[in-house]
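Undergrad: what's the 3D shape of this:
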Amino acid sequence: MINKAKKSQAALEFLMTYGWAILVVLVAVGALAYFGVLSPDKFLPAKCTLQAGLACVDHKATATELTLRVQNSLGYDITVDDVKATGCTPKGSQGILANGAAAQWTLTGCTNSGSKYNGQANITYTTINVDGTTGIQHNSVGQVTTRVE
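TA: Numbering: from 1, shown residues only. Here you go, the predicted structure:
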């Protein structure tokens, strides 16, 4: 009977030791999460992608604005008809964007609440033919993910 009691006590001590160790680890992880050390927003990669031909060179988001810098790599001039982004007021016609040139647009009226912006960018443009006439209207849709500054 004495041998059985010693085995029970050893098992109980073993479980208690590991129980306390697990509890300490959980409290440490909880404290790190509470103070924002483990916040995934701090590790958010900034990216701005559009469909082939229009390159998003740079971007920035604030609480009320979204700025996009786009370069025309289509091989021909285009007329930018509209620039839109999720949660922002659309901009109307922006004029001609020559091949190889870059333009910057600031969309206002945005409601970028929180610490990150994750939305869709939409640029509507019309091609300009070699003879100077207007061609077909196209739509370039992309994704913007970045921190709100």
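
Undergrad: What is the neighbour count of the closest residue to residue 38 other than its chain neighbours?
TA: Take residue 38 and drop its neighbours on the chain: the residue closest to it by C-beta to C-beta, 6 or more residues apart in numbering is residue 32, 5.1 Å away. C-beta: built from backbone N, CA, C; applies to glycine. Close neighbours of residue 32, defined as other C-beta atoms under 10 Å, add up to 12.

Undergrad: How about residue 96?
TA: By the criterion of other C-beta under 10 Å, residue 96 has 15 neighbours.

Undergrad: Now the residue nearest to residue 38: which helix or strand?
TA: Using DSSP states H and E, residue 32 maps to helix 2-34.

Undergrad: What is the helix or strand just after that helix packed up against?
TA: Using DSSP H and E, the helix or strand that follows helix 2-34 in sequence is strand 47-49. Applying 3 or more C-beta pairs under 8 Å, 6 or more residues apart in numbering; DSSP states H and E, one finds that strand 47-49 contacts strand 54-61, strand 134-147.

Undergrad: okay if I get these as CSV plus distance to residue 6?
TA: Listed next are the helices and strands packed on strand 47-49 as CSV, based on distance: least, C-beta to C-beta, whole Å:
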stretch, distance to residue 6
strand 54-61, 66
strand 134-147, 59
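
Undergrad: Residue 48: which of those strands is closest?
TA: Nearest of the helices and strands packed on strand 47-49 to residue 48, taken as C-beta to C-beta: strand 54-61 at 3.7 Å.

Undergrad: Just name whatever secondary elements the closest one is in contact with.
TA: strand 47-49, strand 66-72, strand 116-128, strand 134-147.
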